[in-house]
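Student: Requesting a structural model of the entry that follows:
(4 chains)
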There are 4 protein chains.
Amino acid sequence: MKEECGVVGVLMHDADAQTKPASLQIYYALYALQHRGQESTGITVKCGKTVKSIKGMGLVPEVYAKEDLLKLKGNIGVGHVRYSTTGDSKIENCQPLMVNYKSGNVAIAHNGNLVNGHELRDELESEGRIFITNSDTEVIAHLLVKELLKHDPVQSIKAVMSRLKGSYSLALMIDDRLFAARDPLGFKPLCIGEISGGYVVASESVAIDTLNGKLTRDVKPGEVVEITDNGFESHQMFNEKNAAHCVFEYIYFARPDSIIDGQLVYKVREKIGRELAREHPVEADMVSPVPDSGITSAIGYSEESGIDYREGLMKNRYIGRTFILPGQAMRETAVRLKMNTISENLKDRKVILIDDSIVRGTTSRRIIEMVRNAGAKEIHARIGSPAIIAPCYLGIDMASRDELIAAKKPVEMVKDAIIADSLGYLSIDGLVKAIGIDRSELCLGCLTEIYPVEIPGEKCHRKQLKLNEFKNEN
Amino acid sequence: MKEECGVVGVLMHDADAQTKPASLQIYYALYALQHRGQESTGITVKCGKTVKSIKGMGLVPEVYAKEDLLKLKGNIGVGHVRYSTTGDSKIENCQPLMVNYKSGNVAIAHNGNLVNGHELRDELESEGRIFITNSDTEVIAHLLVKELLKHDPVQSIKAVMSRLKGSYSLALMIDDRLFAARDPLGFKPLCIGEISGGYVVASESVAIDTLNGKLTRDVKPGEVVEITDNGFESHQMFNEKNAAHCVFEYIYFARPDSIIDGQLVYKVREKIGRELAREHPVEADMVSPVPDSGITSAIGYSEESGIDYREGLMKNRYIGRTFILPGQAMRETAVRLKMNTISENLKDRKVILIDDSIVRGTTSRRIIEMVRNAGAKEIHARIGSPAIIAPCYLGIDMASRDELIAAKKPVEMVKDAIIADSLGYLSIDGLVKAIGIDRSELCLGCLTEIYPVEIPGEKCHRKQLKLNEFKNEN
Amino acid sequence: MKEECGVVGVLMHDADAQTKPASLQIYYALYALQHRGQESTGITVKCGKTVKSIKGMGLVPEVYAKEDLLKLKGNIGVGHVRYSTTGDSKIENCQPLMVNYKSGNVAIAHNGNLVNGHELRDELESEGRIFITNSDTEVIAHLLVKELLKHDPVQSIKAVMSRLKGSYSLALMIDDRLFAARDPLGFKPLCIGEISGGYVVASESVAIDTLNGKLTRDVKPGEVVEITDNGFESHQMFNEKNAAHCVFEYIYFARPDSIIDGQLVYKVREKIGRELAREHPVEADMVSPVPDSGITSAIGYSEESGIDYREGLMKNRYIGRTFILPGQAMRETAVRLKMNTISENLKDRKVILIDDSIVRGTTSRRIIEMVRNAGAKEIHARIGSPAIIAPCYLGIDMASRDELIAAKKPVEMVKDAIIADSLGYLSIDGLVKAIGIDRSELCLGCLTEIYPVEIPGEKCHRKQLKLNEFKNEN
Amino acid sequence: MKEECGVVGVLMHDADAQTKPASLQIYYALYALQHRGQESTGITVKCGKTVKSIKGMGLVPEVYAKEDLLKLKGNIGVGHVRYSTTGDSKIENCQPLMVNYKSGNVAIAHNGNLVNGHELRDELESEGRIFITNSDTEVIAHLLVKELLKHDPVQSIKAVMSRLKGSYSLALMIDDRLFAARDPLGFKPLCIGEISGGYVVASESVAIDTLNGKLTRDVKPGEVVEITDNGFESHQMFNEKNAAHCVFEYIYFARPDSIIDGQLVYKVREKIGRELAREHPVEADMVSPVPDSGITSAIGYSEESGIDYREGLMKNRYIGRTFILPGQAMRETAVRLKMNTISENLKDRKVILIDDSIVRGTTSRRIIEMVRNAGAKEIHARIGSPAIIAPCYLGIDMASRDELIAAKKPVEMVKDAIIADSLGYLSIDGLVKAIGIDRSELCLGCLTEIYPVEIPGEKCHRKQLKLNEFKNEN
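Tutor: You can find the predicted model right below:
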């Protein structure tokens, strides 16, 4: 099941937990991570001997009632926000997943996608095991509990990691202990920080900011960090030669005010704009973003090119769950509800329109149509990412290969499809330069069709992780 | 976890399922079983290849929205209503429990209580298994799936039954097949019937009545019935010498219009009233029930004694979730909200007050106080069951031994505690006679302190089920 | 607009209002009156200088959240439960109606139906007045406020009463003062009582019982009672020669444990049963009620006739808002959901079936069919009211004349229509005797087609109220 | 009662109303106006003979369920979004206000604030009239209905307008006719436009854009426009020498993509930024907005000054109804939840921080503290409006005079209070220049303490509207 998610874990010193219980810190942190998943959310905390959860479908403010939240006392816990791309939006799939086992209980908050999830599930089912949810998280739970019968938590997590292929950033509560774990290639972000009265692990550093805390550092690929009363205890479990950080976190998924693997996302997007300006200059009257995702790159483009930055599209800040009746007129209204043109800014202008990416091309076409109807003379689409030519198997909801317009059409034809006067994609080199991380440390699968892990039917540019080796280590 | 529940399973012929999908039949049947559990409810149906569920906290009309329910197409399914006595009322515990396993999926609706539930859970956890809910149902699911890897469903159910000790009436959907199973002692009721277009299994025959169906018969103790397109296929798995039907289903739990193990509950309660009149006659002006549970017995008492039946207490039909502020005056209001006296009927009268049972004695005391305040000259409490002196381990929410007033006090002192002028409990012989089933076929544990299954710390009047023998059979 | 309603007003002594605010007492009282209206409810209280309300669609437990209710401090207030028969169920129509006027504010809770409501509304609209609700209550508010500019509250209420034709029982809060008012013919019930710490006015005495209070007396027809810190201050405004108490309050609308105009409703229904037995004896095996409305009369019939009382129909206590799909089978299920037969009690029996009334005849027919299908040999319908041959204009939701089966068919044909073996209606004399109030003091309009007030197109047996006389009094 | 609101009215040609009912168009238009009021919303439409409404507390997507909305057929209707600043947020105050009167009904959606609202209410109450809501809208309804008894709708609206003092932009449905009316000084915006199949009146042109329509023009001050099947019929009722358009609509209240009284709000804000740069230049490393309100002005400042535009603060797009526990740490979290600093962009920089206005100064102080903690070397606050020194009586929620920091302190002290290194307010001249409308046509009351209408205790720079003259006209 494809999921985009945000995870968080908090440990408070006992004294501080009285006035600032872990649950409340997690609640605020989840607000900061809401952009990573709006479908469901959950908080699980350890209250003395018992473990308590609140979970529900919807946004953070919809799921947590003050009265309920204040009942979740306790000093450690984990939280989750989730968006499922498979439509499998049932309450059972809502995380953290809390399971009871022989010696206690485990709560898991997971962001990522296992490429061998089905394989592992089959293996576990062959042992007569049962699955209540559809998520990879339950697979991890089964594997972890099997190890916990034999090993201590740290060794157990290591053993589980040796079985998993794909992306995973985990916040884990095992009995009274809190752990952060990141896959050996470091696909999805995960960082740790210090807050007044305790410590936090979170998908993005904005969660730490929100708690008035201080980002300590990213969790390293292949690292397990135990969060204790005395701070962070590191266990470097795997040492892959290269990481494979997801570039789309920088391009559009993460919040611009987050620092991921040392790079401020805002800065990356600004540089993307500058690179774009260098790679695809064009004479025009104004640079305008598709809000909100194109804003920072448009500022960068404007600065580099010297062409005025001016907003030509305005986003409606209040759009929630709207329903639209069938029919062409209504579909147009649907677009207008979300985004409106400022005709006076666009009329008779040559416009450079900056967007973060093109997936299917349909949204781009609708927006460009709208801009043209508003009177723009020329529309030059500049895209803050290279053409997406292959699907993501590691946790970003892209689309299948045959839905990806750039997988089927050359740039010139994409340009025609979206009715732009010109179209310029950022080059892969430009992207890598903007991110500021060596190309060998990035996952560029969706842009190159070559993936850092073996995926059946796809090319892989690295030696496969040797699972047997790991197994022998146990 | 102590639970009182109702279960139902429906199979419709394919042609009939178009207009009368299984989900809808289950929905109506659950209405008829609502008295067996008001805390949560769920329906799980097989829709082609997929299995879909609706579950939620609350009453049947609160949980199922028409729109959602109509999306549950398909011809077989199971349903559940649940009341938990342990306050563990989280959505995860809501049944049916649907699990995926190697070859498909299993949905289980369970009514009963395993006395070896913890033991089995420990055993399964020792194998590294995980538990997401607190219920015995998940224990059953684990055991069943282990067997399903080796055996066909029928043999698998048998093998599981050989491991379970305690009470269980199950509606089971294993892949495309529907089963009913009842524990070897037949503690909790379970019956099968025919409806227009299909077949049904349910906790009580009223569910079949509600579907305009015809009760075929009770599921026999130790029997597994497969419900197929051609009707019922019986597999008598265990042949205990004697059954152990729960007497409290007759005394107060089941609906009076249900027929359980061949006995109409209404008839039993009427006879209880007649027996009471014979055992504890008293000169009085009127016989009056504590509504609703005492009504039928009061009618029986009146007929046998020739003393006028007259209502002295009126129940408020509209009481839902009320909140009451602390304080004595408010507690009295709480009682008055539920039940009011008809003073004119009670004033200066000698009243025989019929109730079904006395558990803690506090409610009885409050009611008798109210009746006395309304002007009754004498109040003679007559109770439609023997004194409850021990807890139930098999699925009825009684109270712990030290909460049971009759476990601590002789009848004379109970009389004083509830401020009655006289108190008469039905004798065990009287109860058995009223039920019309041989004493050896009934569970009288809470009345005798001797149980039909081994319970640690309690006496058992039967040879223990030899688990090893069963094991060898596999 | 046709409405059935319940009203309540509470005044607490200042000291007692701290721990037992008026709002809470009203809340509990409304629970006791819930049978009088389940569509919407409201509470309005005076909290110091301001007036606060909680209103909503639904049942009492659904509308009032503890947190909100506890915010309604203050020592006087009024409350309302409402059922509209016109489908005009919008929140604006929810009572009490609270209006601001020149010198303060007025909150009105109204039970009844004005026969000149439209006339008065026209008159007020001709003055340029506006109406926000559809209810007669707003008409009363306009009239009252006009008078309050000129007169004190007591005189104002009198002046308003002189304009109103029809039924009305009012609980009124005018600024800081609380009043009860009943129309000159006393159609709808209204009574006053004392509770610990204060006083109460309510539609039925069960509301007073629920507050552990003591019924003082009924409000007299044409009386206005001011409820003050010192008790009740009576103002007898009108002295009609005869009252016109609604007989259907006794027959089915009121709770059996209420005392209305001096008569215990339970007693009346029991006597109705005895009268029926005398008027329409028949040889049979059992007397059985249609629950719940026929229960008390069936007990009376059984006692008078000596024929055994036995329940043949069982009501489902948990039926809420159910939805039923179209189709014959489903309609049958709809009936079964609400009521089930106890076949064993009915099979091969001659059954006397007691119901309170027959309106359209369709429900009776369905029930009798069900009883017959359960095996009854003969079914003798005995009805606890005379044939309803005309509509009610005074506040009971009957049906229009052409829907009333008895308005169109003689008894013999009604018998055939409901497929009974025999049918006996109570005579008007029998009803009057059972109620125990002189025939001249009762409204029998729906049974005789002759009404106690002038209604366009209907006969009236009394001299019309001379409105001009009243007007001159002002 | 102080209210900020948005209004809309739609008339569809009968043929088009079948597929595009007025209700649906109003629903989408209200989405576009959601920023004008988030507390409650309502839609009232004429469906044949009847008028139907949906109203509720909350946002547009929360109040309107698809199923309910689709039941509102019909070709004309009005809608409203509302935010009350007085905390009087009860459902009764939710608009449109629909009232019945002698010849039909009137639905009113109102944006504005009457300065003689209390006076008029007193006058109406002295006539014995009653008020159910607290809003000025009910005052207007009373006045209108009085006139409608004597005059046609157009004359009636004129007569009412002659009585009203203050701001009002109205969408009115009188029986089958739809009207727009704007006060003689044109305080609040109101415009009309054409859509496919019909016509629309709305508070802002973005509502017309959202319906894929075309802005026709603003409703003129003192104009009443009837919207008919044939388009717009203008009635210029009053010809004040000068208008008094609210400047705060441009400064912060309206959406930037709206055109109000001929001026594109985006353009005005951009020019505000340019003016600010000219009036208050300062050497700095970057210009940064307080999002979202300062964004456009910051872009303008950047362009004019040549200093780089860079985001230093990031707004959380997902913040809804959050609860915050008491305590200093938690208050900081509350700010962080809404807005986060991008430290890397701010560190060691001299920052020009652009905000739209300063009201109490507390928010500005918190934001500047946050920016300073993020490492900014200097912070130069530049405010896109002059100092607010007096309250607004015309419909913008400012604060009372003693809450306004600039009413109590000179600029230098405000600078200290918000801990800025320098502070520059836009001059009134600069603002007027940016807006592009002559100063004599603007309301600058809150900036000058001199108001365009007489307000008790405040100065007025114009001859009072002579109400008597208007009265004679009737």
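
Student: if you average pLDDT over stretch A:426-437, what comes out?
Tutor: Mean per-residue pLDDT for stretch A:426-437: 98.

Student: now it: how far from the chain's centre is it?
Tutor: 19 Å (C-alpha atoms, centre = their mean, to the nearest Å).

Student: So for that stretch, what gets flagged as buried?
Tutor: Residues of stretch A:426-437 classed as buried by neighbour count (16 or more other C-beta atoms under 10 Å in any protein chain shown): A:Leu426, A:Ser427, A:Ile428, A:Gly430, A:Leu431, A:Val432, A:Lys433, A:Ala434, A:Ile435, A:Ile437. From N, CA and C alone the C-beta is placed, and that goes for glycine too.

Student: Can you name the residues that contact A:Val81?
Tutor: Contacts for A:Val81 (C-beta atoms under 8 Å, 6 or more residues apart in numbering or on different chains) come out as A:Cys5, A:Gly6, A:Leu30, A:Leu33, A:Gln34, A:Arg36, A:Gly37, A:Gln38, A:Ser40, A:Thr41, A:Val60.

Student: do that again at 7 Å, thanks
Tutor: Contacts for A:Val81 were tallied using C-beta atoms under 7 Å, 6 or more residues apart in numbering or on different chains; they are A:Cys5, A:Gly6, A:Leu30, A:Leu33, A:Gln34, A:Arg36, A:Gly37, A:Thr41, A:Val60.

Student: Save the buried residues of stretch A:426-437 as CSV, and put in secondary structure too.
Tutor: Below are the buried residues of stretch A:426-437 laid out as CSV (DSSP: H, G, I helix; E, B strand; the rest coil):
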residue, secondary structure
A:Leu426, coil
A:Ser427, coil
A:Ile428, helix
A:Gly430, helix
A:Leu431, helix
A:Val432, helix
A:Lys433, helix
A:Ala434, helix
A:Ile435, helix
A:Ile437, coil
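
Student: Farthest-apart pair in the contacts of A:Val81, please.
Tutor: Within those, A:Cys5 and A:Val60 form the most distant pair, 13.4 Å apart (C-beta to C-beta).

Student: How about the contacts made by the residue in the stretch 101-250 of chain A positioned nearest to chain C?
Tutor: Going by C-beta to the nearest C-beta, chain C is nearest to A:Thr210 of the stretch 101-250 of chain A, at 28.2 Å. By C-beta under 7 Å, 6+ apart, the contact list for A:Thr210 reads A:Tyr28, A:Ala29, A:Tyr31, A:Ala32, D:Thr333, D:Arg336, D:Leu337, D:Asn340.

Student: Highest neighbour count among those residues?
Tutor: Using other C-beta atoms under 10 Å in any protein chain shown as the neighbour criterion, A:Ala29 leads those with 33 neighbours.

Student: was I right about it contacting A:Ala202?
Tutor: Yes - judged on C-beta atoms under 7 Å, A:Ala29 makes contact with A:Ala202 at a distance of 5.8 Å.

Student: Overlap in contacts, those two.
Tutor: A:Val8.

Student: returning to that earlier point: can I get the contacts of A:Val81 in a markdown table including secondary structure and distance to chain B?
Tutor: Below are these laid out as a markdown table (DSSP: H, G, I helix; E, B strand; the rest coil; distance: C-beta to the nearest C-beta, whole Å):
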| residue | secondary structure | distance to chain B |
| --- | --- | --- |
| A:Cys5 | strand | 19 |
| A:Gly6 | strand | 22 |
| A:Leu30 | helix | 19 |
| A:Leu33 | coil | 23 |
| A:Gln34 | helix | 22 |
| A:Arg36 | helix | 23 |
| A:Gly37 | coil | 19 |
| A:Thr41 | strand | 14 |
| A:Val60 | helix | 18 |
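
Student: For chain A, give me the ranges with low pLDDT.
Tutor: Chain A contains residues with pLDDT under 70 at A:1-3, A:85-89, A:319-331, A:462-474.

Student: Report the outermost residue of it with respect to its centre.
Tutor: Computed with C-alpha atoms, centre = their mean, the residue of chain A farthest from its C-alpha average is A:Asp348, at 38.7 Å.

Student: Helix, strand, or coil at that one?
Tutor: coil.

Student: list the contacts for it?
Tutor: A:Asp348 is in contact with A:Gly375, A:Lys377, counting by C-beta under 7 Å, 6+ apart.

Student: could you check the distance from it over to chain B?
Tutor: Counting by C-beta to the nearest C-beta, to the nearest Å, the separation of A:Asp348 from chain B is 50 Å.

Student: ok, now A:Lys49?
Tutor: 14 Å.

Student: measure that residue to A:Gly104 for me?
Tutor: Note on A:Lys49: its distance to A:Gly104, by C-beta to C-beta, to the nearest Å, is 10 Å.

Student: out of these two, which sits in the more crowded spot?
Tutor: A count of neighbours by other C-beta under 10 Å puts A:Gly104 above the other of A:Lys49 and A:Gly104, at 15 against 6.

Student: what's the closest non-adjacent residue to that one?
Tutor: In this structure, A:Gly104 finds its nearest non-sequential neighbour in A:Asp175, 4.0 Å apart by C-beta to C-beta, 6 or more residues apart in numbering or on different chains.

Student: Measure how buried that neighbour is and give me the count.
Tutor: Neighbour count for A:Asp175, taken as other C-beta under 10 Å: 15.

Student: same thing with A:Asp402?
Tutor: By other C-beta under 10 Å, 8 other residues sit near A:Asp402.

Student: what do you get for the one 3 residues further on?
Tutor: If you count neighbours by other C-beta under 10 Å, A:Ile405 ends up with 21.

Student: now the one 3 residues further on
Tutor: When neighbours are counted by other C-beta under 10 Å, A:Lys408 registers 14.

Student: go on, A:Thr448?
Tutor: Count around A:Thr448 with other C-beta under 10 Å applied: 14.

Student: isn't A:Val411 right up against A:Leu423?
Tutor: Yes - assessed by C-beta under 7 Å, A:Val411 is found in contact with A:Leu423 at 6.0 Å.

Student: if you count what's nearby, which of those two comes out ahead?
Tutor: Between A:Val411 and A:Leu423, counting by other C-beta under 10 Å, A:Leu423 is the more crowded of the two (24 against 14).

Student: domain assignment for chain A?
Tutor: A:3-244, A:268-436 (automatic domain parsing).

Student: returning to that earlier point: just give the closest residue to the residue of the stretch 101-250 of chain A closest to chain C, not the sequence neighbours.
Tutor: Nearest non-adjacent residue to A:Thr210, counting by C-beta to C-beta, 6+ apart: A:Ala32, 4.0 Å away.

Student: quick one: that neighbour and A:Ala207 touch, right?
Tutor: Yes - counting by C-beta under 7 Å, A:Ala207 is a contact partner of A:Ala32 at 4.4 Å.

Student: mind listing what's buried in the longest helix along chain A?
Tutor: Ranked by residue count and defined by DSSP state H, the top helix of chain A is helix A:265-279. In terms of neighbour count (16+ other C-beta under 10 Å), helix A:265-279 has its buried residues at A:265-277.

Student: do stretch A:222-234 as well
Tutor: Neighbour-count burial for stretch A:222-234 flags A:Gly222, A:Glu223, A:Val224, A:Val225, A:Glu226, A:Ile227, A:Phe232 (criterion: 16+ other C-beta under 10 Å).

Student: Now intersect those residues with the strands, please.
Tutor: Using DSSP state E, A:Glu223, A:Val224, A:Val225, A:Glu226, A:Ile227, A:Phe232 are the members of these that sit in strands.

Student: if I look at A:Ile227, how far off is A:Asp14?
Tutor: Look at A:Ile227 and A:Asp14: by C-beta to C-beta, they are 14 Å apart.

Student: ah, wrong one, I meant A:Ile130
Tutor: 37 Å.

Student: So for those two, which sits in the more crowded spot?
Tutor: Neighbour count, other C-beta under 10 Å: between A:Ile130 and A:Asp14, A:Ile130 has more, with 26 against 11.

Student: In contact with that one, which residues?
Tutor: Contacts of A:Ile130 (C-beta under 7 Å, 6+ apart): B:Val99, B:Asn100, B:Tyr101, B:Ala141, B:His142, B:Val145.
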